[in-house]
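Novice: Got a predicted structure here, sequence first:
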Amino acid sequence: MWLLDVGCGINKIPGSIGIDRNPASRADVLCDLDRFPYPFRDSAFDGLEAVHVIEHVSDVIRTMEEFHRLVRDGGEVHIVTPHYTDFSSFCDPTHRWHLNSFSLRYFGEDHGGFGYYSGARFAEISVHVRLLALWRWLGFELLVNGFPRYRRFWEHYLCYVVRGKVIEWRLRVIKK
């Protein structure tokens, strides 16, 4: 299985091909993640990992389109980012985007009528939100992740009190 580790830093996934802009990283390929296309052919990878990367790029839509281009039909994209209510979302001055668990919906069936922003399509395999420890211990994380309607209610009304920590998406690439 060919796996691309985007923004791998010093913790590159063993067996993957790592790309990063930082020469001090363990990247196999150095490239600016805001310059497209990345130096790989279309559908070159079975999967892609972007852990704490999407919040740093200059254009989320264009980056998602590039992820779509690089991963074969049916391949999996795994994205992790801070939830916008977590302190870590705002304490790093290199973070350009502050996302919630619905931020990538434009690329799927539930695009809310805004699917025209991009032709790249992904099917949502899973969305998992980690909450701050107190709320996790009190069982709120189970509610948020176990019931999509409750997650929507939480995002709309409760997330500034019951704060999120990290969002994790697993997406399947759809090419037709």
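Specialist: Great, that's in hand.

Novice: what comes up buried for the lowest-mean-pLDDT helix or strand in the chain?
Specialist: For the chain, the helix or strand with the lowest mean confidence is helix 87-91, at a mean of 90 (criterion: mean pLDDT, DSSP states H and E). Counting neighbours by 16 or more other CB atoms under 10 Å, one finds that the buried residues in helix 87-91 are Ser89. Where C-beta positions appear, they are placed from N, C-alpha and C, glycine not excepted.

Novice: Show me where this protein has its strands.
Specialist: Using DSSP state E, the strands found in the chain span residues 3-6, 17-20, 29-30, 45-51, 71-82, 121-131, 164-174.

Novice: what's the spacing between the fourth one and its chain's center?
Specialist: For strand 45-51, the separation from the chain centroid amounts to 10 Å (computed by CA atoms, centre = their mean, to the nearest Å).

Novice: Tell me what angle it forms with strand 164-174.
Specialist: Orientation check (axes from the mean of the first three to the mean of the last three CA atoms, to 10 degrees): strand 45-51 against strand 164-174 gives 160 degrees.

Novice: elements contacting strand 45-51?
Specialist: The contact analysis (3 or more CB pairs under 8 Å, 6 or more residues apart in numbering; DSSP states H and E) places strand 45-51 against strand 3-6, helix 60-70, strand 71-82.

Novice: Comparing these, which comes out most buried?
Specialist: Ranked by mean neighbour count, the helices and strands packed on strand 45-51 are led by strand 3-6 with a mean of 24 (mean count of other CB atoms under 10 Å).

Novice: So what's the residue count around Val162?
Specialist: Neighbour count of Val162, defined by other CB atoms under 10 Å: 19.

Novice: on that earlier part again, so for Glu109, which of the helices and strands packed on strand 45-51 sits nearest?
Specialist: Of all these, it is helix 60-70 that lies closest to Glu109, at 15.2 Å by CB to CB.
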